[in-house]
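>>> the following block contains a protein sequence and its predicted model.
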Amino acid sequence: MKKAFLLSAVALLLIMADTTSAQDNKAPASPPATTTAKIKSGATIKINYSQPSVKGRTIGKDLEPLSGQVWRTGANQATVFETDKNIKVEGKELPAGKYGLFSLSGDKEWTIIFNKTWDQWGAFNYDEKQDALRVKAKVSKAPSFAERFTIKANDNGNITLLWGNNQVSFTVK
């Protein structure tokens, strides 16, 4: 009887261990990504974010961003925008440092927000009083459908957010 119980317990533990390792090997729903660029002014821009996918849903209805609500501009942890030197974003000063990158969406333009509280989960604890800078960015039709949210930065200082059929761009110098 003891042997049967012991064998059953060992078998159960092996099954549980196999199930746990299979779950650990699963790709995250919104994988982490980083984009980096060294712009002409000599500043290095680094953006860490997570990439949600559309998966047949409607952006602005089933998915963020919802018009009028602050969005973490990605998934999971708040997106982190980091610059090692003072820069200008759309002509406005932004000191060197790390910022939470948030946004407010609109049909024709978005408000891009650089918030001093960069280490936070989502936008649940977002505090407008901690905003270091807000700028307007134009919305246009993306060159192709972006299933996964993507941020691109190039050495000319162009930052582009792509998701679904949306493209939102702003410049840093």
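Good, I have the coordinates.

>>> give me the low-pLDDT residue ranges for this structure?
1-27, 65-67 (pLDDT under 70).

>>> what ranges do the strands span in the chain?
32-38, 44-50, 79-83, 87-89, 92-94, 97-104, 109-115, 131-153, 158-171 (DSSP state E).

>>> right, and these - which one's nearest residue 69?
Residue 69 sits nearest to strand 97-104 of all the strands of the chain, at 7.4 Å, using CB to CB. No exception for glycine: its C-beta is placed from N, CA and C like everyone else's.

>>> now the residue minimising distance to the centre of the chain. Nearest residue, chain neighbours left out?
Here the mean C-alpha position of the chain is nearest to the C-alpha of residue 74 (CA atoms, centre = their mean), at a distance of 2.7 Å. Taking CB to CB, 6 or more residues apart in numbering, and ignoring the residues beside it in sequence, residue 74 has residue 49 as its nearest neighbour in space, at 3.6 Å.

>>> hey, what's that neighbour bridged with?
With DSSP bridges applied, the residues forming beta bridges to residue 49 are residue 33.

>>> repeat for residue 44
For residue 44, the beta-bridge assignment (DSSP bridges) gives partners residue 38.

>>> roughly how far apart are the closest residue to residue 135 other than its chain neighbours and residue 136?
Of all residues beyond its chain neighbours, the one nearest residue 135 is residue 90 (4.0 Å), with distances taken as CB to CB, 6+ apart. Between residue 90 and residue 136 the computed distance is 7 Å (CB to CB, to the nearest Å).

>>> of these two, give the one with the bigger neighbour count.
For residue 90 and residue 136, the more surrounded residue by other CB atoms under 10 Å is residue 90, and the numbers stand at 16 against 13.

>>> go ahead and confirm that one touches residue 173.
No: taking contacts as CB atoms under 8 Å, residue 90 lies outside contact range of residue 173: 9.2 Å.

>>> ends of stretch 111-124, what's the gap?
The stretch stretch 111-124 measures 18 Å between its terminal residues, going by CA to CA, to the nearest Å.

>>> which parts of it are buried?
The neighbour-count criterion (16 or more other CB atoms under 10 Å) identifies 112, 113, 114, 115, 117, 118, 120, 122, 123 as the buried residues of stretch 111-124.

>>> the fifth one and residue 143, how far apart?
What that stands for is residue 117. Here residue 117 is placed at a distance of 34 Å from residue 143 (CB to CB).

>>> who's in contact with residue 117?
By CB atoms under 8 Å, 6 or more residues apart in numbering, the residues touching residue 117 are 78, 100, 125, 126, 127, 130.

>>> good, wrapping up.
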